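> Build me a model from this:
(one chain, ligands or ions: 2)
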Amino acid sequence: MTTPAKSEKDRVVIFDTTLRDGEQCPGATMTHDEKLEVAELLDDMGVDIIEAGFPIASDGDFAAVNEIAKRTKNAVIAGLARAGQKDIDRCGEAIKPAKRGRIHTFISTSPVHMKWKLQMEPEKVLDMVVSSVTRARNYTDDVEWSAEDGTRTEHDFLCRCVEAAIKAGATTINIPDTVGYTVPDEYFALIAMLRRRVPNADKARFSAHCHNDLGMAVANSLAGVRAGIRQIECTVNGIGERAGNAALEEVVMAMNVRNDVLPYWTNIDATMLTRASKLVSAVTSFPVQYNKAIVGRNAFAHESGIHQDGMLKHTQTYEIMTPESVGVKQTSLVMGKHSGRHAFSRKLEELGYKLAGNQLEDAFVRFKALADRKKHVYDEDIEALVDEEIATAQDRVKLVSLTVIAGTMGPQSATLTLDIDGQHQTVQSSGNGPVDATFNCIKKLIPNDAVLELYQVHAVTAGTDAQAEVSVRLAEDGRAVTSKGADPDTLVASAKAYLGALNKLTARRHGAMAGAGRRRIHSTDTI
Ligand code: KIV
Ligand code: ZN
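Ligands and ions are numbered 1, 2, ... in the order given. Purely as a prediction, here's the structure:
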């Protein structure tokens, strides 16, 4: 059977906003270097447009957009800007070094947002649509305009705004479902209505930006494509404001697997989806839901007897896509304590890591230590170990040792030694259980007012000698950071995760993270 040639009119452009809408969600803050790493992977994977940040939000955001603009080889680099002049000028500056740069400017158009958030009359909003797009065109001829809360906007007004934005020079028109309120049929009808009624609609590409509050972000985006949309805004693992955005891996695979009913295509190399998911989960410390479509750890697991029997007879009985098609490699028993440096660095390359110098050496030392304690070292163990190595490379405070007394005969107590800026300090504490005792030790050495919002443990692989992976979320001054720690000892993993989060908070105070230093302007803030 010959595959029909792909026509350009059926191509759906993938606009990834992991670094902007994704990073905006509580706890998902990434460091500058982590952002660069994610951007590089997105570019390699074939993402068409990378929304790298919101330059006016903070100096950190500006620097990330600017650096990504300098480095990126293929993708268009977009920055977000509200409709005000300062936002647009700052965004224009940030994207300047890009081979191809885009300004993405937006303003709310729904009655509830105009009245309560903007406190502006519709005619004033319409003026700002024109002035913002016109100003953005001074910096680039690639300007995207978004109607924030577009799905709750009156149709006549939305048509006027879209027409005005295109006339002022917008080349992409984005219709966000900002609050995740729409349903597929309604979104289809909205896009079809705009394309029918707006006289200059054929001069722009229409785009979907759907949030997942009712779990329909992907379905709504695909309904939009059926109505003529040719750009989907999405994030890796679906991270984003509140319930998140449409998940990149889901929209891509829906079009790949069901190309019979969704005859569209993207430039994405689907075999990189798993790697992208793991990287984003590692740098944000946001665990991926086990049963998450495409990239969840159970997405290709067949537990029940009936399913396993069917799979053994023919994989297509229960498998609509192969694990390999999304980059899942068969879990292998990787290496043991006798494996050398060469085999270790080959394995890292195979898993998609690029480590060199001290980082490679440190990761190898950690691997050896793990292999001494754990009989079987799997790919997942190596990933947890290297992700931790990358995340903690710049940390000021490191765990040196931990001894805990636990069990039925309380009180539980801990003795902990930390390396703080090169100095070893030891402390003892008791607590309501071994985790509490460990965290109390840390608090004694690093006094802080951060609130522990989340403490979660899961096993990296099967077996009682599996590594525990602990996620911790700490909040300070209204902003949260998340961090992970892995170790065969759950308490050591807990201490590492807690320290990781404290290190992130310290880095933020010292300006090493995007959004550092002062309260960050949010894309939902008024101009
Ligand atoms: O959800 C939304 O409306 C947005 C806009 C800024 C595009 O993120
Ligand atoms: Zn959004």
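> Would you mind finding the longest helix in this protein?
The longest helix of the chain (DSSP state H) is helix 490-509.
> How many residues are close by the closest residue to residue 287 other than its chain neighbours?
Leaving out its chain neighbours, the residue that sits closest to residue 287 by Cβ to Cβ, 6 or more residues apart in numbering is residue 471, at 5.7 Å. For every residue, glycine as well, the C-beta is placed using N, CA and C. A count of nearby residues for residue 471, using other Cβ atoms under 10 Å, gives 23.
> Tell me which residues touch residue 471, please.
285, 287, 454-456, 482-484, 497 (Cβ atoms under 8 Å, 6 or more residues apart in numbering).
> can you count the residues close to residue 35?
So residue 35, with other Cβ under 10 Å, has 26 neighbours.
> Is it in contact with residue 69, as I believe?
No. Counting by Cβ atoms under 8 Å, residue 69 is not a contact partner of residue 35; they are 12.0 Å apart.
> any residues in contact with both of those two?
What both residue 35 and residue 69 touch, as defined by Cβ under 8 Å, 6+ apart, is the set residue 52.
> Mind listing the strands the strand or helix carrying residue 234 pairs with, and their directions?
Element membership of residue 234, judged by DSSP states H and E, is strand 231-234. Strand pairing for strand 231-234, using DSSP bridges, gives strand 13-16 (parallel), strand 205-210 (parallel).
> got those strands as a markdown table, with distance to residue 476 and mean pLDDT columns?
Formatted as a markdown table, those follow (distance: least, Cβ to Cβ, whole Å; pLDDT from 0 to 100):
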| stretch | distance to residue 476 | mean pLDDT |
| --- | --- | --- |
| strand 13-16 | 29 | 98 |
| strand 205-210 | 30 | 98 |
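> Nearest approach to ligand 1 belongs to which of these?
Ligand 1 sits nearest to strand 205-210 of all the strands paired with strand 231-234, at 5.0 Å, using Cβ to the nearest ligand atom.
> List the contacts of that closest one.
For strand 205-210, using Cβ under 8 Å, 6+ apart, the contacting residues are 13, 15, 17, 21, 144, 146, 171-178, 180, 182, 187, 191, 194-195, 216-218, 220-221, 224-225, 228-233, 245-246.
> Can you sort out which of those also neighbour ligand 1?
21, 146, 176, 178 (Cβ under 6 Å from any ligand atom).
> And the third one, its phi and psi?
Backbone torsions of residue 176, given as degrees, to the nearest 10, read phi -70, psi 140.
> That one against residue 151, yeah?
Yes. If you go by Cβ under 8 Å, residue 176 and residue 151 touch, sitting 7.4 Å apart.
> Which helix or which strand is home to residue 261?
Judged by DSSP H and E, residue 261 forms part of no helix or strand.
> Share the number of residues neighbouring it, please.
9.
> what does the one 4 residues further on give?
A count of nearby residues for residue 265, using other Cβ under 10 Å, gives 16.
> Kindly report the same for residue 272.
Neighbours around residue 272, by other Cβ under 10 Å: 20.
> Could you tell me the phi and psi values at the closest residue to it other than its chain neighbours?
Nearest residue to residue 272, sequence neighbours excluded (Cβ to Cβ, 6+ apart): residue 45, at 4.3 Å. Note on residue 45: its backbone torsions stand at phi -80, psi -20 [degrees, to the nearest 10].
> Near the closest residue in space to residue 256 that isn't next to it in sequence, how many other residues are there?
Nearest non-adjacent residue to residue 256, counting by Cβ to Cβ, 6+ apart: residue 270, 6.0 Å away. Counted with other Cβ under 10 Å, the neighbours of residue 270 add up to 21.
> ditto for residue 394
Residue 394 has 12 nearby residues by other Cβ under 10 Å.
> Remind me which helix or strand it belongs to.
Counting by DSSP H and E, residue 394 is found in no helix or strand.
> ok, now the one 4 residues further on?
Residue 398 is located in strand 397-405, with elements delineated by DSSP H and E.
> All the strands of the stretch 351-500 of the chain, residue numbers only.
For the stretch 351-500 of the chain, the strands defined by DSSP state E, counting those that start in this stretch cover 377-378, 397-405, 412-420, 423-431, 451-459, 468-476, 479-487.
> Now tabulate those strands in JSON lines and tack on mean pLDDT and distance to ligand 1.
Listed next are the strands of the stretch 351-500 of the chain as JSON lines, based on pLDDT from 0 to 100; distance: least, Cβ to the nearest ligand atom, whole Å:
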{"stretch": "strand 377-378", "mean pLDDT": "82", "distance to ligand 1": "38"}
{"stretch": "strand 397-405", "mean pLDDT": "95", "distance to ligand 1": "35"}
{"stretch": "strand 412-420", "mean pLDDT": "95", "distance to ligand 1": "40"}
{"stretch": "strand 423-431", "mean pLDDT": "95", "distance to ligand 1": "42"}
{"stretch": "strand 451-459", "mean pLDDT": "88", "distance to ligand 1": "24"}
{"stretch": "strand 468-476", "mean pLDDT": "88", "distance to ligand 1": "23"}
{"stretch": "strand 479-487", "mean pLDDT": "84", "distance to ligand 1": "19"}
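> re the thing from before, in CSV: the contacts of residue 471, plus distance to residue 137.
Shown next, in CSV, are the contacts of residue 471 (distance: Cβ to Cβ, whole Å):
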residue, distance to residue 137
285, 39
287, 42
454, 44
455, 49
456, 47
482, 39
483, 42
484, 43
497, 47
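> From residue 327, how far out is residue 346?
18 Å (Cβ to Cβ, to the nearest Å).
> When these two are compared, which one has more neighbours?
residue 327 (21 against 13).
> ok, that one touching residue 279?
No. If you go by Cβ under 8 Å, residue 327 and residue 279 don't touch, sitting 11.6 Å apart.
> quick one on the thing from earlier: next, the buried residues of the longest helix of the chain.
490-508 (16 or more other Cβ atoms under 10 Å).
> Repeat that for stretch 47-59.
Across stretch 47-59, burial judged by 16+ other Cβ under 10 Å covers 47-58.
> Next: stretch 263-271.
Buried, per 16+ other Cβ under 10 Å, within stretch 263-271: 264-266, 268, 270.
> Repeat that for stretch 414-433.
414-418, 429-431.
> Give me the domain ranges for this protein.
8-284, 329-391, 394-514 (automatic domain parsing).
> Do me a favour and get the end-to-end distance for the shortest one?
I take that to be domain 329-391. End-to-end distance of domain 329-391 (Cα to Cα, to the nearest Å): 24 Å.
> just stretch 456-470 next, same as before
6 Å.
> List of residues touching that stretch?
287, 331, 370, 373-376, 378, 380-381, 384, 455, 471-472, 484-490, 493-494, 496-497.
> Could you do stretch 497-507 as well?
29, 31, 285, 388, 391-392, 394-399, 418, 438-439, 442, 446, 448, 450, 452, 470-474, 476, 481-485, 513, 516.
> repeat that for 7 Å
Outside stretch 497-507, the residues that touch it by Cβ atoms under 7 Å, 6 or more residues apart in numbering are 31, 391-392, 395-397, 399, 439, 442, 446, 448, 450, 470-474, 476, 481-485, 513.
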